[in-house]
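**Q** what follows is a predicted structure for the sequence shown.
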Amino acid sequence: MQETEEIWAGWMRAALAGDGQAYARFLRAVTPVLRGIVRARARWMSGDDQEDIVQEVLLAIHRKRDTWSPDRPIRPWLFAVTRHKVIDAFRKRGGEATQPLGDQAEQVVDPHAEAHLQAQEASEELDALIGTLDPEAAELVRALKLREESPESVARAMSISEGALRVRLHRAMKRLEQIGRSGLP
Amino acid sequence: MKTDDLIAQLAHEPAAASLGLPRVAAGFLAAVTVPVAAFLLIAGVRAGLGEVMIHPVTLMKTLLPALTAAFALTGVLRLMRPEGQVGLLMAALAIPLLGGIGLLLYTVATMPPAQWFAQWTVLGIIECTGLTLMLSAVPAIAAVRLFRRGASPAPQRSAMLAGIAAGAAASTGYSFFCTQDNPMFFVIWYGASIATVTLVTLHYGRKQFAW
């Protein structure tokens, strides 16, 4: 999570300084996260409607990008914009279709559900980043960093020494850092 | 339009400079200072301003609206960022409000009833509320125009705080001219002016803060 925070903030800083490519990378990187949030909260909507909301959120991020301060973390800003626009989109659609929001609306404004969803989104996003590694390195990072398994058990399962495990983990983390810098493929 | 095409289109648009909150605050303070200074230059400050300001009750006439304006301005600035929160500041606005109520109780306790409303003359009330509302107009318009550039997570609250900031700042400036030092007068009529500016700003400004 710390890695994506730094990567996203770096891209956004560059974007505010006029780097269009960094901005495109940032928007492409956050889009799957936004999609996840919208899907989780609007299962009752069609895929096209969900994508319309994702685009509305992207437009809001674009229009209000000057409200992010480069010396502040980007994730709270991003999730605040997303939350506001998703609620707004639900209200508009609820009004148009006279469809009650019910549990979905409660889920949107429930801080516990919000925290749970953010954690889930962050995990999905990190998993996508890890998925760009080769399968063995990806499994190693997942086991040690996500599932928090002990190095001994992972080394045993992979039939390698703990020293070799540390070296492979170090290489995988360096690779992730490089992918983060250059942007997701 | 496909999302990828939208992203490509957005990435080609010119960069946006980061929103400078100190610059926004300076713009608002200028919108308050210019009309108030112009008014005080034309009408003049009250006679013996320095001497009467030593008196704590008279000092409160300036201090309470100034404190209200400061809290409201800080709050509306904080709400320009979507992740901004103002829970504590909203609670802090109760401090000048309680100060005003305290002054009213002090007046009731220390003044004979015949003097409570002695300064409530039609001319005095019209002068006080009329001039305060007049001085609030430019700051209120400027507040809406300046603060709507943010991305408030609570547009109505932003509009309300913008109105409070404008009305209270104008009342602070007016207090240098005002000679009515009875809290029964200034707490109630300054309060009524600030409330009026707040309601008008909330009514006309809340849609401006939507995004």
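**A** Sure, I can see it. Numbers count the residues shown, from 1 in each chain, chains lettered A, B, ... in the order given.
**Q** packing partners for the lengthiest helix in chain B?
**A** Secondary structure of chain B per DSSP state H: the longest helix is helix B:122-147. With contacts taken as 3 or more C-beta pairs under 8 Å, 6 or more residues apart in numbering or on different chains; DSSP states H and E, helix B:122-147 sits against helix B:21-43, helix B:56-78, helix B:155-174, helix B:183-205. Every residue, glycine included, has its C-beta placed from N, CA and C.
**Q** let's see it at 6 Å
**A** Applying 3 or more C-beta pairs under 6 Å, 6 or more residues apart in numbering or on different chains; DSSP states H and E, we find helix B:122-147 packed against helix B:21-43, helix B:155-174, helix B:183-205.
**Q** just these: most buried one?
**A** Mean neighbour count, computed with mean count of other C-beta atoms under 10 Å in any protein chain shown, is highest for helix B:155-174 among the helices and strands packed on helix B:122-147, reaching a mean of 28.
**Q** in contact with residue B:27, which residues?
**A** Counting by C-beta atoms under 6 Å, 6 or more residues apart in numbering or on different chains, residue B:27 makes contact with residue B:146.
**Q** same deal with residue B:48?
**A** So residue B:48 contacts nothing (C-beta under 6 Å, 6+ apart).
**Q** quick check: phi and psi at it.
**A** phi 70, psi 30 (degrees, to the nearest 10).
**Q** so what pLDDT did it get?
**A** Listed pLDDT for residue B:48 reads 91.
**Q** and it, how close does it get to chain A?
**A** For residue B:48, the distance to chain A equals 46 Å [C-beta to the nearest C-beta, to the nearest Å].
**Q** hmm, back to that, need the helices and strands packed on helix B:122-147 in a markdown table with mean pLDDT, can you?
**A** Listed next are the helices and strands packed on helix B:122-147 as a markdown table, based on pLDDT from 0 to 100:
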| stretch | mean pLDDT |
| --- | --- |
| helix B:21-43 | 96 |
| helix B:155-174 | 97 |
| helix B:183-205 | 96 |
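**Q** which parts of the helix or strand residue A:39 falls within are buried?
**A** Assigned by DSSP states H and E, residue A:39 falls within helix A:20-41. Going by neighbour count (16 or more other C-beta atoms under 10 Å in any protein chain shown), the buried part of helix A:20-41 is A:20, A:22-31, A:33-38, A:40-41.
**Q** what helix or strand is the nearest residue to residue B:150 once chain neighbours are set aside on?
**A** Leaving aside its sequence neighbours, residue B:150 sits nearest to residue B:80 (C-beta to C-beta, 6 or more residues apart in numbering or on different chains; 2.6 Å). Assigned by DSSP H and E, residue B:80 belongs to no helix or strand.
**Q** neighbours of residue B:80, how many?
**A** 22 (other C-beta atoms under 10 Å in any protein chain shown).
**Q** measure residue B:167 to residue B:69 for me?
**A** With the distance defined as C-beta to C-beta, to the nearest Å, residue B:167 ends up 8 Å from residue B:69.
**Q** just residue A:20 next, same as before
**A** Per C-beta to C-beta, residue A:20 is found 41 Å from residue B:69.
**Q** care to break chain A down by domain?
**A** Domain assignment for chain A by automatic domain parsing gives A:2-111, A:131-185.
**Q** chain B: which of those is closest?
**A** Counting by C-beta to the nearest C-beta, chain B lies closest to domain A:2-111 out of those; the figure is 3.7 Å.
**Q** mean confidence score for the closest one?
**A** 82.
**Q** would you mind listing what in chain B touches chain A?
**A** Residues of chain B lying near chain A by C-beta under 6 Å from any C-beta of the partner chain: B:3, B:6-7, B:10-12, B:15-16, B:18-19, B:81-83, B:150-151, B:153.
**Q** quick check, the longest helix seen in chain A touching chain B?
**A** Determined from DSSP H, the single longest helix within chain A is helix A:74-97. Yes: with C-beta under 6 Å from any C-beta as the criterion, chain B is reached by helix A:74-97 at A:76-77, A:80-81, A:84.
**Q** tell me the contacts of the most centrally placed residue in chain B?
**A** The residue lying closest to the centre of chain B (C-alpha atoms, centre = their mean) is residue B:165, at 2.3 Å. Contacts here follow C-beta under 6 Å, 6+ apart; on that basis residue B:165 touches B:69, B:72-73, B:76, B:143.
**Q** of those residues, closest to chain A?
**A** residue B:76 (13.4 Å).
**Q** reformat the contacts of residue B:165 as CSV; add neighbour count.
**A** Below are those laid out as CSV (neighbours: other C-beta atoms under 10 Å in any protein chain shown):
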residue, neighbour count
B:69, 26
B:72, 29
B:73, 25
B:76, 31
B:143, 32
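**Q** give me the nearest residue to the residue nearest to the centre of chain B, chain neighbours excluded.
**A** Using C-beta to C-beta, 6+ apart, the closest residue to residue B:165 is residue B:72 (3.9 Å).
**Q** alright, I will stop here.
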